[in-house]
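J.: starting from these lines, generate the structure:
(chains A, B and C)
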Amino acid sequence: MAYIYTLPMIFSAFGALLCLVRRTYFEEVVSVIVSLATIVAAVATIFLPNFSNTFLYVDGLSKIMLIVISIVYTSTVIFSTTYMKYMENPLFEKNFYYLLMNVFAFTMFFTVSVNSFGMMWIGVEATTVTSALLVATENNESAIEATWRYIVVVSSGLIISLLSNVFIYASIHTLSFSNIMSMHITHADRILLLGTMMAVIGYGTKAGIFPMHTWLPDVHGKAPAPVSAIFSGVLLPVALYVVARVLQAVPVGPLKEFSFVLGFLTVSIAASLMVVQKYYKRLFAYSTMENMGMVLIGLSLGKYAFIGAIVLITSHAFAKSSAFFLSGNILAKYKSRKIEDVKGIFKRMPFTGYTLMFSSMAVTGTPPFGTFVGEMMIIYGILKNFPLFYALALTSFLALAFISVNSKVGKMVFSESSEKVMERKRVGRSIPIINIALAFLMIFLIPQIEELLSKGMVK
Amino acid sequence: MRIALSVLQLLYVLLLSPLIFGILAKFEERIESKKGPSVFQPYHTLLKLFKKQSVIPESSSPLFHMTPYVTFTLYTFLTLVLPMITAFPLEFGPTVDFIGGGLTFGAAALLKKIASLDSRSNYSHLGASRAASMGALSEPITVLIFIMLGVISKTNNPYIINNVLQTSSSWYLSLTHWFVAAAFFMVLLIETGKLPIEHSTTTEVGMIDQAMDMEYSGADLAFSEWGGYVKKFLLMSVFINVYTVPFFVPMKYDLGAILLYMIIHFLKLMGLVFIIGLFEESVSKFRFFKNFDYIAISFSLAFLSFLAFYTTKGSF
Amino acid sequence: MEKIFTLVGFFEILLVLFMQWEVYTKKIITTFSIASYTIAAFLLYIGIVEKEYLVITLAIITAVVRGFFIPWFMKRSIVKDPWREREIRPTLSTAFSILMSLFIVVFAYVLYRITIYSSVQLSAGSIPIALILQGAFLMVSRRNAFIQLIGYMIMENAIFLFEGYIFPGLPFIVEAGIVLDLIGIVAVAGIVVKMMKNSTSDLNESDELRG
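T.: Below is the predicted model:
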């Protein structure tokens, strides 16, 4: 029975192995097939009960993460098949790129389905190992520099969370999540509290949470578009998944307040920095940071806000990956990362223009999309738990983010340009549209998400 | 009796201090495979200077002429109060404690700086300003070292510190003590003008203390130099007797033991001189501004001893 | 045992201070190698005394990977690319960074005393925390990629000290995974450092990576 929960991992690892075969287009075909297979396997799990043994722990939250990861992974692989053509001087052969991408997906599947915090740490650190070279794919000086910052900052942040594992183990003598859950901890001693706080900071580094977020805009700005998309869409939520597990296992007051403060600071800093951005990929990176801050707030509040956070994770994953795919398309055509250099997308690349406008609205939480519902649920949670001031302050930061993203994207899309149309029919054009549609469709799936989180399966 | 011992100690320090530096010079030359001067060369130099006439800059005030004698007196006074050949206080021992000794050293250094400013010579000014900027940073380290010794012995009497370290092996082997000793060694190199801080050559680029003596001549210079030898001798003796090898120092009155210890002490100093000589031959001079990094490290050592004391609670 | 731990710990702190003092990359690498060997020897001693085979494994890994292999690899690449030999412009002046590093040690001590000392009752427990923070500071205060990598590995060493002595006994599979990952990250970092070849040695800010 257990094997079915490991199918996503098995498929992606198998795909990685097949990528070693050197034949033209073989690695692309294989990667697309295995990624589609992971979607099937992940969706299949939601009709099965929760499962836990010493190694695996798969409940509703893990299942949602599995599905989100597999969908974004699939769309990234499909998008890569066109995007790789635009890369002038890639760092390595195409099959090595797909190999790394599959291993990267494997490590993320691994992280969300293992039982022990130690294994989760291993998974998160392994995502760094496997994805670092992906960031440097474009092989120019600043991409390598960004990779270096990624490795240095993230791995030192993860050292903190490794220390947190040591502390948690020292305090309660187990790292297994199911064991800790069965202990029903309501009061944490100092070592446990310190350990869990360090976990929030450490994994928060990977998720772009405030004190150590500095790598995030550099990497998202410099990585190739599909890599930015998968980073922003699922890698960061995977790190927050571990934080969510910590918060579920040790639901004590000080830890929740600590996470709330970090989340709040992240949102405020990201929103303020968004105003001054000159490069569109960095702009989206800060928007990701703002969303991750919101998710952390939701996770810290629990109850409805927790569900809101999960809804936000899912719909943001689709919307943001779409936004980054589109930014890749724009970069390929306009050859510039600056907002001011990109004019009249609406005229020159009509499909891309419309989709970009929609996705920028989606990532900032505009009504028809799932992100809006998620953010509303989180704000409702804040109103219930804290004085009105906090909710108002947070909402104004969200508004600031909304204005700066949409006005800048609007300038790119709707400005005048006399040059000719240059969009071509490629699979890379339709992938973002599917993703943005998924971000919208999320609002119909909220009851199922709620059911999955509370019961663990859909009947 | 104690007066007689005091006089003995005074004569011992005043007469032997040039010899130590003669030995150091000879040793370093030997390492460089040169023949080197006689070990008695400092005595010849001093005698020669005493025979010569003093020349004083026209623009200077009487202070300039007085300073070598005053500083020499101050160092002589220190000779009487620090533990050199005995581990029990002699006649003048109770007059000052460690802080007082430090202040006396400071007073002598200050007088030298003022006098060198008084000489109105550019080179002396250069030396004075360098010495002042180094001193401003190394003095706090010295104070920290004294405080740490005070923590160890609960007093700031050098004799008691010597007794504590001589008798208690747990203190002697403690991290606290060795950090202090290491910090003091680094300060010692600064104060005695050794590499990597200062090089005793005639190039003015690296001069610190030497530059301050630039305008002296004749007997003035002789006293200034002799005072310098005494000062370095005292510091090295304190380093040995109080910080690193406080053993064999006679703790009660016994003339035979004291006379024997005079020889042992000289041998200890020779050992230190060999270490310093080897050190000087293996490092090169820092640029002047890198000296502050060096000072920062020695400050760190002194401070780490503080931390080591709290970490181990002295029970190491 | 605690005495030896304190001794080793202060020695490590001192070595990191020396690394802050040094300008030449090669000397820093040698100092780091000495630090790793010291920790390895200490862990080996614990492992033999307490018959913990896991700790012996940690010791061997520390000695082989961080004591020997990585320093050797770095020194070899320095011979190939002489521009990596020294730090040209550190972000902070040397004396200031030495004092900051010292201040960090004091800070770690205070932090340790007010947070977990009451439940651990080990007065030297602040040393690994101090080492972690010092390693992080070494990374921040230098621009040379090799030195930053060394700062990271100092943090790793400190973690090993934590696991080996203060809170021993993580499950073996976790331990093994951690070690694999740490080796992986250092390997990837090595590749990236190698790719920085033709640019300048010190990581410079390009305009786009700001704000």
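J.: straight-line length of stretch A:135-144, end to end?
T.: Start-to-end span of stretch A:135-144 (Cα to Cα, to the nearest Å) is 8 Å.
J.: now do the buried residues in that stretch.
T.: For stretch A:135-144, the neighbour count (16 or more other Cβ atoms under 10 Å in any protein chain shown) marks A:135-138, A:142-144 as buried. In this view, the C-beta of every residue, glycine as well, is placed from N, C-alpha and C.
J.: name the element residue 151 belongs to?
T.: Assuming you mean chain A. helix A:141-172 (DSSP states H and E).
J.: wait, I meant chain C there
T.: With DSSP H and E as the criterion, C:Gly151 is inside helix C:145-161.
J.: now the angle between helix A:141-172 and that helix, please.
T.: 10 degrees (axes from the mean of the first three to the mean of the last three Cα atoms, to 10 degrees).
J.: after helix C:145-161, which helix or strand is next? Please name it.
T.: helix C:172-195.
J.: report the buried residues of that following helix.
T.: Applying 16+ other Cβ under 10 Å to helix C:172-195 flags C:174-175, C:177-179, C:181-186, C:188-190, C:192-193, C:195 as buried.
J.: check contacts around residue 157.
T.: By default, I'm working from chain A. Taking Cβ atoms under 8 Å, 6 or more residues apart in numbering or on different chains, we find A:Gly157 in contact with A:201-206, A:212.
J.: ah, I was thinking of chain B
T.: B:97-98 are the contacts of B:Asn157 under Cβ under 8 Å, 6+ apart.
J.: now B:Arg120
T.: Counting by Cβ under 8 Å, 6+ apart, B:Arg120 touches B:57, B:59-60.
J.: same check on A:Phe106?
T.: A:9, A:12-13, A:16 are the contacts of A:Phe106 under Cβ under 8 Å, 6+ apart.
J.: most neighbours, which of those?
T.: Counting neighbours by other Cβ atoms under 10 Å in any protein chain shown, A:Ser12 leads those with 29 neighbours.
J.: I'd assumed A:Phe110 was in contact with it.
T.: No - with contact defined as Cβ atoms under 8 Å, A:Ser12 does not reach A:Phe110; the gap is 9.2 Å.
J.: give me the number of neighbouring residues for residue 168.
T.: I went with chain A, as the question did not name one. A:Ile168 has 27 nearby residues by other Cβ under 10 Å.
J.: um, chain C though
T.: Counted with other Cβ under 10 Å, C:Pro168 comes out at 18.
J.: nearest residue to the closest residue to chain C within the stretch 51-200 of chain A in space, please, no chain neighbours.
T.: Taking Cβ to the nearest Cβ, chain C has its nearest neighbour within the stretch 51-200 of chain A at A:Gly118, 3.1 Å off. Among residues not flanking A:Gly118 along the chain, C:Val174 sits closest, at 3.1 Å (Cβ to Cβ, 6 or more residues apart in numbering or on different chains).
J.: same question for stretch B:240-256: list its buried residues.
T.: Quick answer for stretch B:240-256 (16+ other Cβ under 10 Å): B:240-246, B:249-250.
J.: which of the residues you listed fall in strands?
T.: Secondary structure from DSSP state E places none of these in strands.
J.: doesn't A:Met349 make contact with A:Asn329?
T.: Yes - with contact defined as Cβ under 8 Å, A:Asn329 counts as touching A:Met349 (7.1 Å).
J.: those two: which has the busier surroundings?
T.: A:Asn329 (28 against 23).
J.: ok, the more buried one - contacts?
T.: Per Cβ under 8 Å, 6+ apart, neighbours of A:Asn329: A:225, A:349, A:352, A:428-429, A:432.
J.: closest to chain C among those residues?
T.: A:Ala225 (15.6 Å).
J.: what about the closest residue to that closest one other than its chain neighbours, which helix or strand?
T.: Using Cβ to Cβ, 6+ apart and skipping the chain neighbours, the partner closest in space to A:Ala225 is A:Gly328 (2.2 Å). Following DSSP H and E, the helix or strand that holds A:Gly328 is helix A:303-334.
J.: buried residues, that helix. List them.
T.: A:304-334.
J.: for stretch B:140-150, same thing?
T.: Applying 16+ other Cβ under 10 Å to stretch B:140-150 flags B:141-142, B:144-150 as buried.
J.: determine which two of the buried residues of stretch A:135-144 are furthest apart.
T.: A:Thr137 and A:Ser142 (12.9 Å; Cβ to Cβ).
J.: residues contacting the residue positioned nearest the centre of chain C?
T.: Central residue of chain C (Cα atoms, centre = their mean): C:Ile154, 0.5 Å from the mean position. By Cβ under 8 Å, 6+ apart, C:Ile154 lies in contact with C:16, C:19, C:32, C:35, C:131-132, C:134-135, C:138.
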